[in-house]
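A.B. asks: Below is the sequence, then the predicted model.
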Amino acid sequence: MDDAYSQRGRRRDGALTLSICTRCRDGREDAHDEERGGARFARAILDAFAERRGTLPPVVIRGVACMSQCKRPCTVALSAPGRFTYLFGDLDPVRDAHAVLDALALYASGEEGFMARDARPEPMRAGILGRIPPIDTASALVTTLASPALASLEPSR
């Protein structure tokens, strides 16, 4: 999994990336258990991935020390060059690890990684926080509204 990243965490290829916020608090933390829900979720996803190894696309799974979605824990993102980037929240570390991996498989198979709402696993429908298209997308979802930088390059008349 981690061979697609250099030692400093920079991408070396176009593999899919699953990012998991390891600092999310899911409300199950207590004074005796300092491990946050995000860290437990990461471990649950890694365990589920190990169970399903060989049935899922190649992916880099990485922890992120905060994904700035503190009001919507637990949070994950799916991204890859030339694909939509998805951000999901409101995920439960106890029950949703396999749903995340199901979404990963769907993401890998879709054109530009697009995942229709009704095709995503149930927890990934209402919990979507963002869907950002790739820069050079062919998707009908994206239209150019204006390009001031290009307009300024046109010869004046």
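C.D. replies: Nice, I can see it.
A.B. asks: for this protein, what spans make up the strands?
C.D. replies: Taking DSSP state E as the test, the strands found in the chain are 16-21, 59-64, 76-79, 85-88, 128-132.
A.B. asks: strands paired with the fourth one, and their directions?
C.D. replies: So that's strand 85-88. When pairing is defined by DSSP bridges, strand 85-88 lines up against strand 76-79 (antiparallel), strand 128-132 (antiparallel).
A.B. asks: The ones you listed: which one's closest to Ser109?
C.D. replies: Nearest to Ser109 among the strands paired with strand 85-88 is strand 76-79 (12.3 Å), distances taken as C-beta to C-beta. C-beta coordinates here come from the backbone N, C-alpha and C atoms, glycine included.
A.B. asks: Now do the closest one: everything it contacts.
C.D. replies: Residues external to strand 76-79 that are found in contact with it (C-beta atoms under 8 Å, 6 or more residues apart in numbering): 16-21, 41, 45, 67, 85-88, 91, 100, 103-104, 107, 113.
A.B. asks: Also stretch 121-141?
C.D. replies: With C-beta under 8 Å, 6+ apart as the test, stretch 121-141 has contacts from 69, 72, 75, 81-92, 95-96, 99-100, 102-103, 112-115, 117-118, 120, 142.
A.B. asks: just so I have it, where are all the helices in this protein?
C.D. replies: 37-51, 97-109, 123-126, 148-151 (DSSP state H).
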